[in-house]
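In: Sequence first, predicted model second:
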Amino acid sequence: MDRKVKTWTPPEKIWNAWFISIFFINMALNFGQYMSNSLLSLYAKEMGAPAEQIGMLMSMFAITALIFRFVAGPAINAYNRKMIVAMAMGCMASAYFGFCFAPEIADFLGVKVINVLKCFRLLQGVGSAFAGSCCLTIVADAIPREQFSSGMGIFACAQVIAQAVGPTVGVCLKDKFGYTTTYFIFGCIMVCAILASSTIRLAPTVRMPFNLKLKNMIAKEAVLPAAVTFLIALGFTSINSFLLVYAQERGIDGASLFFTVYALTMLVTRPVIGRLTDRYGFVKAGIPCVLATAVSLIMIGFSTNLPMLLLAAFVNAFGYGAVMPALQSLCMRAVSLERRGSASSTNYIGQDLATLVGSTAAGYVIGAAGYTPIMWLVMAVPVLLGILVIFLCRKKIYKIENNFKSGK
């Protein structure tokens, strides 16, 4: 590593111009995804697509994103990160403009609209894989070392805001302007994010040669926090996939408010848990959060009315919602500056694998146990295993944090 890299230090305040730029880009990325995901299945249905094709369309995003995570890490380590962010947001913009003009493109090519949507859905997955990993890598360089977890928690609030209001905004735009104009607006938001990427300041690092070797695709130093991420997210995916169906089976009306309470509470919990992690370390701050995640799943299982369900959402915001940015910061602490691209991709690979595996696993559990409290008890098991992993590997976690503080 050269002298310039050794003497470089991050900004002194979290809310610096560099952080604000990448925060806006991350918010634009998540706004586009949450607004789009709430509409795309409806859009495809209106275009006459059968249910099985719509299901395939929606799942293609996660599969493509996971595949390109393995490419994103080495690329972020090797090339200009500003350019990667701009190109990734360009892919997202192209996907949304593609959705906008899908019927016209289908007529021109003589193919079904659903096939055009699938192509642009794949492109959306590629853009998300590079944009998400690269944003996390860049923001890690923009945060003061002594406030690292706090900064990560604040940065993650961009996703929370998008999650809280994105689907509602998307539906409102669709109702007022129609699908074509709505997706055109999404594309324009991505263009604004491309312009914002020009203001990003990059930390000077030694660029590694682009090489699709396993050690470049996955940072072995970050495998531990990524494995914990996988276990916790494995249990959480059952909420996204089956909470509303479970509530319907139990006769609980208004269950969609769960996600509103969860998102709003996270605006407080993520920065707070970040500060606690900076002060006390991940083990002391993280284990209670992971335990809260397991408790919230059990609470959902035994909920018989809406207030109980909303209390579970509140608890979960102190659990899964708060611990994920702390795990991201641990991934980034584990590696040197030039390997942060690999670390960020490793983190997201853990999340993506959990998304793909968790819903399927939950489906099998429901098939065996039905929509009963047992399904939530079973899905809490991997979360509890996450606590065990943290406890057994606490010395390694302490070492990661101590090396980061000492600048190693």
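Out: Perfect, I can see it now.
In: Can you list the low-confidence ranges for the chain?
Out: Low-confidence segments of the chain, defined by pLDDT under 70: 1-10, 38, 407-408.
In: Next, the buried residues of the host helix or strand of residue 140.
Out: Here residue 140 sits within helix 113-141, counting by DSSP states H and E. Residues of helix 113-141 classed as buried by neighbour count (16 or more other CB atoms under 10 Å): 113-114, 116-118, 120-141. No exception for glycine: its C-beta is placed from N, CA and C like everyone else's.
In: quick one: contacts for residue 382?
Out: 231-232, 234-235 (CB atoms under 8 Å, 6 or more residues apart in numbering).
In: Next, residue 206: secondary structure please.
Out: Residue 206 falls in the coil class when you classify it by DSSP: H, G, I helix; E, B strand; the rest coil.
In: so what's residue 122 up against?
Out: Listed by CB under 8 Å, 6+ apart, the contact set of residue 122 reads 60-61, 64.
In: Go through those residues and single out the one with the most neighbours.
Out: residue 61 (22 neighbours; other CB atoms under 10 Å).
In: my read: that one touches residue 126, true?
Out: No - in this structure, residue 61 sits apart from residue 126 without contact. The criterion is CB atoms under 8 Å, and the distance is 9.7 Å.
In: which residues are common contacts for the two?
Out: Common contacts of residue 61 and residue 126 (CB under 8 Å, 6+ apart): none found.
In: what's the helix or strand for residue 159?
Out: Under the criterion of DSSP H and E, residue 159 resides in helix 148-177.
In: Counting by contacts, list what that helix packs against.
Out: For helix 148-177, the helices and strands in contact under the criterion 3 or more CB pairs under 8 Å, 6 or more residues apart in numbering; DSSP states H and E are helix 17-46, helix 113-141, helix 179-197, helix 257-280, helix 320-333.
In: Which one of those lies nearest to residue 213?
Out: helix 113-141 (17.2 Å; CB to CB).
In: what angle sits between the closest one and helix 17-46?
Out: Taking axes from the mean of the first three to the mean of the last three CA atoms, to 10 degrees, one finds that helix 113-141 is oriented at 160 degrees with respect to helix 17-46.
In: so helix 113-141 versus helix 148-177, what angle?
Out: Relative orientation of helix 113-141 and helix 148-177, computed by the same axes, to 10 degrees: 150 degrees.
In: and helix 113-141 with helix 320-333, angle?
Out: With the same axes, to 10 degrees as the criterion, the two stretches helix 113-141 and helix 320-333 enclose an angle of 60 degrees.
In: thinking again about what came up before, what angle separates the helix holding residue 159 from helix 257-280?
Out: Inter-element angle recorded for helix 148-177 and helix 257-280: 160 degrees (by the same axes, to 10 degrees).
In: list the buried ones in helix 148-177?
Out: For helix 148-177, the neighbour count (16+ other CB under 10 Å) marks 148-167, 169-170, 173-174 as buried.
In: Look at residue 255 and say how many residues are nearby.
Out: By other CB under 10 Å, neighbour count at residue 255 equals 20.
In: give the contact list for the closest residue to it other than its chain neighbours.
Out: When the adjacent residues along the chain are set aside, residue 255 lies closest to residue 247, with 3.4 Å between them (CB to CB, 6 or more residues apart in numbering). For residue 247, the contact set (CB under 8 Å, 6+ apart) comprises 253, 255, 258, 303, 309.
In: What separation is there between residue 247 and residue 168?
Out: Distance, residue 247 to residue 168, using CB to CB, to the nearest Å: 19 Å.
In: And residue 145, how far from residue 161?
Out: Taking CB to CB as the criterion, residue 145 is separated from residue 161 by 26 Å.
In: Same check on residue 147?
Out: Residue 147 sits 20 Å away from residue 161, taking CB to CB as the criterion.
In: and the closest residue to residue 119 other than its chain neighbours, what is it in contact with?
Out: Using CB to CB, 6+ apart and skipping residues adjacent in sequence, the residue nearest residue 119 is residue 98, 7.3 Å away. Taking CB under 8 Å, 6+ apart as the definition of contact, the neighbours of residue 98 are 105, 116, 119-120, 123.
In: which element is residue 98 on?
Out: For residue 98, the secondary-structure element it belongs to, assigned by DSSP H and E, is helix 81-100.
In: List the buried residues of that helix.
Out: Along helix 81-100, the positions that meet the burial threshold by neighbour count (16+ other CB under 10 Å) are 81-82, 84-100.
In: any idea how far it is from the chain center?
Out: In terms of CA atoms, centre = their mean, to the nearest Å, the gap separating the centre of helix 81-100 from the centre of its chain is 17 Å.
In: mind starting the numbering at 601 from now?
Out: That works, and once the first residue is 601, the last one we named lands at helix 681-700.
In: what angle sits between whatever helix or strand comes next after it and helix 617-646?
Out: Counting by DSSP H and E, the element after helix 681-700 in chain order, helix or strand, is helix 702-709. In terms of direction (the same axes, to 10 degrees), helix 702-709 departs from helix 617-646 by 60 degrees.
In: And for helix 702-709, what's in contact with it?
Out: Contacts of helix 702-709 with the rest of the structure, by CB under 8 Å, 6+ apart, involve 647, 698, 712-713, 715-717, 720.
In: now, which of the contacts of residue 982 sits nearest residue 624?
Out: Closest approach between those and residue 624, by CB to CB: residue 832, at 28.0 Å.
In: any idea how far the closest residue to the closest one other than its chain neighbours is from residue 630?
Out: When the adjacent residues along the chain are set aside, residue 832 lies closest to residue 986, with 4.8 Å between them (CB to CB, 6+ apart). Applying CB to CB, the value for residue 986 to residue 630 is 24 Å.
In: Please say which of the two ends up with more neighbours.
Out: residue 986 (27 against 22).
In: Tell me who's in contact with that one.
Out: For residue 986, the residues meeting the contact criterion (CB under 8 Å, 6+ apart) are 828, 831-832, 890.
In: same check, this time on residue 654
Out: For residue 654, the set of contacting residues under the criterion of CB under 8 Å, 6+ apart consists of 641, 644-645, 714.
In: switch the cut-off to 6 Å
Out: The contact partners of residue 654, by CB atoms under 6 Å, 6 or more residues apart in numbering, come to 641, 644.
In: Which element, helix or strand, includes it?
Out: Residue 654 is located in helix 651-678, with elements delineated by DSSP H and E.
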